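In: sequence and predicted structure are below.
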Protein chains: 4
Amino acid sequence: MIIVLKQNAPKHDVEKLMSMLSAYDIKVNAITGAEKEILGLVGDTTKIDIEAIQAQHAVDEVKRVQEPYKNANRKMHPENTVIDVEGVQVGGKKLTVIAGPCSVENEAQMIETATAVKASGAAMLRGGAFKPRTSPYAFQGLHGEGIRLLLEAKKATGLPIVTEIMSAADLDLFADVDVIQVGARNMQNFELLKELGKTDKPILLKRGLANTIEELLMSAEYILAGGNTKVILCERGIRTFETMTRNTLDISAIPLLKKKSHLPVIVDPSHAAGISALVEPLSFAAVAAGADGLIIEVHNNPAVALCDGAQSLNPVQFDDVMKKISGLAEYMGR
Amino acid sequence: MIIVLKQNAPKHDVEKLMSMLSAYDIKVNAITGAEKEILGLVGDTTKIDIEAIQAQHAVDEVKRVQEPYKNANRKMHPENTVIDVEGVQVGGKKLTVIAGPCSVENEAQMIETATAVKASGAAMLRGGAFKPRTSPYAFQGLHGEGIRLLLEAKKATGLPIVTEIMSAADLDLFADVDVIQVGARNMQNFELLKELGKTDKPILLKRGLANTIEELLMSAEYILAGGNTKVILCERGIRTFETMTRNTLDISAIPLLKKKSHLPVIVDPSHAAGISALVEPLSFAAVAAGADGLIIEVHNNPAVALCDGAQSLNPVQFDDVMKKISGLAEYMGR
Amino acid sequence: MIIVLKQNAPKHDVEKLMSMLSAYDIKVNAITGAEKEILGLVGDTTKIDIEAIQAQHAVDEVKRVQEPYKNANRKMHPENTVIDVEGVQVGGKKLTVIAGPCSVENEAQMIETATAVKASGAAMLRGGAFKPRTSPYAFQGLHGEGIRLLLEAKKATGLPIVTEIMSAADLDLFADVDVIQVGARNMQNFELLKELGKTDKPILLKRGLANTIEELLMSAEYILAGGNTKVILCERGIRTFETMTRNTLDISAIPLLKKKSHLPVIVDPSHAAGISALVEPLSFAAVAAGADGLIIEVHNNPAVALCDGAQSLNPVQFDDVMKKISGLAEYMGR
Amino acid sequence: MIIVLKQNAPKHDVEKLMSMLSAYDIKVNAITGAEKEILGLVGDTTKIDIEAIQAQHAVDEVKRVQEPYKNANRKMHPENTVIDVEGVQVGGKKLTVIAGPCSVENEAQMIETATAVKASGAAMLRGGAFKPRTSPYAFQGLHGEGIRLLLEAKKATGLPIVTEIMSAADLDLFADVDVIQVGARNMQNFELLKELGKTDKPILLKRGLANTIEELLMSAEYILAGGNTKVILCERGIRTFETMTRNTLDISAIPLLKKKSHLPVIVDPSHAAGISALVEPLSFAAVAAGADGLIIEVHNNPAVALCDGAQSLNPVQFDDVMKKISGLAEYMGR
């Protein structure tokens, strides 16, 4: 950590800062510049509260040198983390494709879609039982009944299921769910993250619309710090000024997350663009950039979907995309 | 609602769309253009699921004409909503200033700060008992004990208290809290909003870092739709590419929210900038632009604050700012 | 074009609008809604000034239905435009890779780099003679002498050259340049675009940091409208809140530009990320998403480069990346 | 300047870096941390090319401590710069209001508007003769004839005139113009800035849509470094995800620019919002936050304006706003 002092900071302010720093198990080295004085802090600085330092009268700026995340850091865990979900590996050599509808609507829809995506090569089934909707008047999901239908589809196809949680109060309903998803809007719902850190379920953590790559890793750190080591990171687009797509897929996040962290990284091309025609090229880009998996919206009949139909593929389109993705994945050595 | 059809959409796709629209209590008017056909939907379109329309094969684009929020809409409620908090009016003629530390730390800090801000003219006391922190290793707040200390400070000064909730599971602890705050990171924690809609507590709803003005009003709508009419909107800065400030205060949001909605609008200049020296000019700007109130961070000793000290004023600075703000508010007719 | 009228707009304001619209060769169809009246304009609306309409008292909102660009529109030109640069095809079946240093520094550097990138398979040589630098104190390029050195390198290797123009006043110096580049900061330097529209040189037009995909196409339209049909579009990252990369590569822009326009689309992975280690994964992603080419920074000795060394590959790294890219391009059928 | 070395950087890479640094007139101090080694550079670091350092193999990160601008820096020039434009002071005690139409259209429009804004208290007249338009098919301005009409209006009213330049090639036409405006799209048109630096005309420099406050100051530095000390900075909104306003006025930029620099700072509330109803509240906010002036669009008949009518005030509205602004300015001590 580097502390830049204010030009001509009064002596007693600097002394106050120094006495504050002396409480930590670190060494402080000073460099006196032409204009400003700089302090370099040596030792384990992850426990230092950067904001408390910033508030000191003598301080102009504080800059971290070490990453603020530990358990999610590849330096602490050089090997890739591979997460086993009922026999399906996430983060291993093989690309993992999760597919299914935006929301669970009824049994026929789920069984039909699950059967189709399995036939096309999907490894897991997704489907929303609790739906975060901007409008309180929009369909909010089937809740417990939705999870029951997912489990029916699992029974019928053998596919492990992935579904989103919106409140820790509902955790009991997720007892048989294979992967619990945390949506973009809840990426910094820290109370929920803490509760999930106490479970041993794999967690699919989506990046928030306005969250940095470092903040995504810090949210993963919340879960990991609680003892749950099974976190799957998901890039799903960030909010920018561009309006032609719903969000802007940050393709650079894939290699950066793989470099900074040992956790598996998957990509959601459906939510990133919000346009079904972009699912194929964005999936290709994600696989080529090194993603460990994809989560794709597929609906047996997008035109009657209760949500996000505009970004859903139908089973025929999905089958076509899967064939191409599999070929590309194989070419890329996965 | 306007629906733009795809150029040369097949007849049966258009018929499917038409039969879908016939289920709603609306009239459909068609305009055949040179290139494209446009449908104009007449009637109450707030119940139409825009995404379901977008997913139709025949549809190129859908555009709303009516606002999607009802209860928050000034059209439905032309008069300003004035919320009474233990005798303090929010949204009335007088500017309301809420002040206090980022987080509740101990009794001396709270009593000292509360006494000071009251003497300077603050109408309510703020303080965080549950703290949303990016890092799991940072101070997370005193929780129940924090609320107890806030109530002590209320007893000592008579100031109503405002404090943030992070999970509906903690609602019982907020029984004696006067205003419950929903932080920026939870603006789209819809499950929490629904629970707060069932209470009769005033809710201070902060705009999310990446959320539009319309989304803020839709989140207010969640609370209002549940039956709780006491929502205070708060602009606190949005995330942009500019790095010199922590966030970018969207000053235009004030007149826009006042125009679109009848709910009170307050501004948080402390979090918007993250720099204590900007609290004064941003407070002035907010008052001049028509804000109904301000929420300002004040700590009896910012240099030892456990969080956000860099943006906190000390009581002397706050007193100075309050004098100037009061003068300006009076000049502006408040 | 759709015009939404203000609720209860006075009759004479509506009449004024109608008389204004009557000047255009279009038909106006009205739909009277519950709350608002909507006008649908039928005919060639590209000549209507949308801002003049917006300024009418009676008007609440105006929405385009047709794209505002014509010559750049794929509808007007369904076939891909293939641009021939001294025998090198851009936009054809084969992927085109342009490589070279950020700035031209001296003869040895240019000859050495040009020879190396040619050996690795690059089809054109890039190098900046005029450098847009944020600071007036940074190296600004060798100007005419830089172009001379590029031409030397062309003579030595046969590679066509690509270099950036910053002012129309310098056009004479570009007489022997094969492709003229317009940098991101000049994408909306309309006076420059108009001058380039009068030439018959291929123009490599980079997307501005804060410009939408539609604005990029409108800037291309400036060149095309002047009579120059040889425009190559280049996605090079947009400015967002993420700070880990210099810019955020908008990978979705590739399939969208290819769908909306017939012009070739290339990607600059070096400027997009600003990190040499990301050049490989971003190049892969671009090729997989359908880009027609890449423009990559290569310096014979990045550690002594006068600009952007942090994002440059050295010849050995470039050779490695080229081998992989060629394989992937071939796999993708190019 | 601080250089963070890569963990375990090879000795010869570090030596190379050190020998490179030895070329500058600075002292290098090293701090050996637990994980990383840090170098602190002491002396005048403004001449060091930060990108050349970043490209060194041994370097992980480089951070500036000193601001990269000199002439624009308040440290070098503690007093406010006051610019005299034909007797009108910009940056002095009094608030300066510039008003006039988006574009110059004809003599009647200019004389009428100029007379009106003068009567309401405007100190200068604005009007565009060269118009940067997104579409090549939109009205591009009257060019030389437009400047002639501005000069007519100046003769009739005595108001100094402000008009935008789009290319250095047109400089001769600006011989009698009082203030030359550089628009947002040209803020980083460095060749134009250099040419303007050679003149002695006051320059009104608008912030680019995607440019940081520091970049605005660096563009001012281009002009100042050329010898022209008369630069007026203008905040006019930045591009964000919010779509309800055309841009987002960055109100914090005002106090920050005033703190970092000695140059006058004005605000353009018309372009910031793109909505005439927001001109009043945003003007109030700007004045309250400390702006030295405002530039407001006024058209004698906005409904027939050839551009930007939706954001223009008519003379009656402007007169009303001016009365309120004058009162507020006086209250603020200006």
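Out: That came in fine, so what should we check first?
In: could you list the low-pLDDT ranges of the stretch 151-300 of chain A?
Out: Along the stretch 151-300 of chain A, the model assigns pLDDT under 70 to no residue.
In: what does it put close to chain C?
Out: A:210, A:212-214, A:238, A:240-245, A:248-252, A:254-256, A:259, A:272-273, A:277-278, A:281-282, A:284-290 (Cβ under 8 Å from any Cβ of the partner chain). Any C-beta I mention is one placed from the backbone N, CA and C, and that applies to glycine too.
In: if we check chain D, which of those residues are in contact?
Out: A:240-241, A:243.
In: SS state for residue A:222?
Out: In three-state terms, and counting by DSSP: H, G, I helix; E, B strand; the rest coil, residue A:222 is helix.
In: which SSE is the nearest residue to it once chain neighbours are set aside in?
Out: Ranked by Cβ to Cβ, 6 or more residues apart in numbering or on different chains and with sequence neighbours excluded, the top spatial neighbour of residue A:222 is residue A:193, at 3.9 Å. Per DSSP states H and E, residue A:193 falls inside helix A:190-197.
In: same deal with residue A:56?
Out: Of the helices and strands defined by DSSP H and E, none includes residue A:56.
In: hmm, it is touching residue A:18, no?
Out: No: using Cβ atoms under 8 Å, residue A:56 is not in contact with residue A:18; the gap is 9.9 Å.
In: count of residues packed around whichever residue of the stretch 201-334 of chain A sits closest to chain B?
Out: As assessed by Cβ to the nearest Cβ, chain B sits closest to residue A:309 within the stretch 201-334 of chain A, at 2.3 Å. Using other Cβ atoms under 10 Å in any protein chain shown, residue A:309 has 25 neighbouring residues.
In: what about it, distance to residue A:101?
Out: Going from residue A:309 to residue A:101 by Cβ to Cβ, to the nearest Å gives 9 Å.
In: okay, and the common contacts of these two?
Out: Common neighbours of residue A:309 and residue A:101 (criterion: Cβ atoms under 8 Å, 6 or more residues apart in numbering or on different chains): residue A:299.
In: what's the span of stretch A:207-215, first residue to last?
Out: 9 Å (Cα to Cα, to the nearest Å).
In: comparing residue A:56 and residue A:18, which shows the higher neighbour count?
Out: residue A:56 (25 against 14).
In: next one: the more buried one, what pLDDT does it get?
Out: On pLDDT, residue A:56 comes in at 84.
In: which ones are touching it?
Out: Residue A:56 is in contact with A:13, A:16-17, A:20, B:303, B:309, counting by Cβ under 8 Å, 6+ apart.
In: for the stretch 201-334 of chain A, what spans make up the strands?
Out: When secondary structure is read from DSSP state E, counting those that start in this stretch, the stretch 201-334 of chain A shows strands at A:203-206, A:231-235, A:265-267, A:293-297.
In: same question for the stretch 1-150 of chain A.
Out: Per DSSP E, counting those that start in this stretch, the stretch 1-150 of chain A carries strands over the ranges A:2-5, A:26-32, A:37-43, A:59-63, A:83-85, A:88-90, A:96-100, A:124-126.
In: output those in TSV; the columns should cover mean pLDDT and distance to chain D.
Out: Shown next, in TSV, are the strands of the stretch 1-150 of chain A (pLDDT from 0 to 100; distance: least, Cβ to the nearest Cβ, whole Å):
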stretch	mean pLDDT	distance to chain D
strand A:2-5	86	5
strand A:26-32	81	4
strand A:37-43	82	4
strand A:59-63	85	6
strand A:83-85	98	28
strand A:88-90	98	29
strand A:96-100	98	28
strand A:124-126	98	27
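In: need those in TSV with mean neighbour count, can you?
Out: Output for these, formatted as TSV (neighbours: other Cβ atoms under 10 Å in any protein chain shown):
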stretch	mean neighbour count
strand A:2-5	22
strand A:26-32	16
strand A:37-43	22
strand A:59-63	18
strand A:83-85	18
strand A:88-90	20
strand A:96-100	28
strand A:124-126	27
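In: residue D:332: which of those is closest?
Out: Nearest to residue D:332, of all those, is strand A:59-63, at 28.9 Å by Cβ to Cβ.
In: longest single helix anywhere in chain A?
Out: Longest helix of chain A, by residue count under DSSP state H: helix A:315-331.
In: buried stuff in that helix?
Out: A:315, A:317-319, A:321-322, A:325-326, A:328-329, A:331 (16 or more other Cβ atoms under 10 Å in any protein chain shown).
In: what's the closest of these to chain C?
Out: residue A:331 (4.9 Å).
In: which residues touch the closest one?
Out: C:327-328, C:331.
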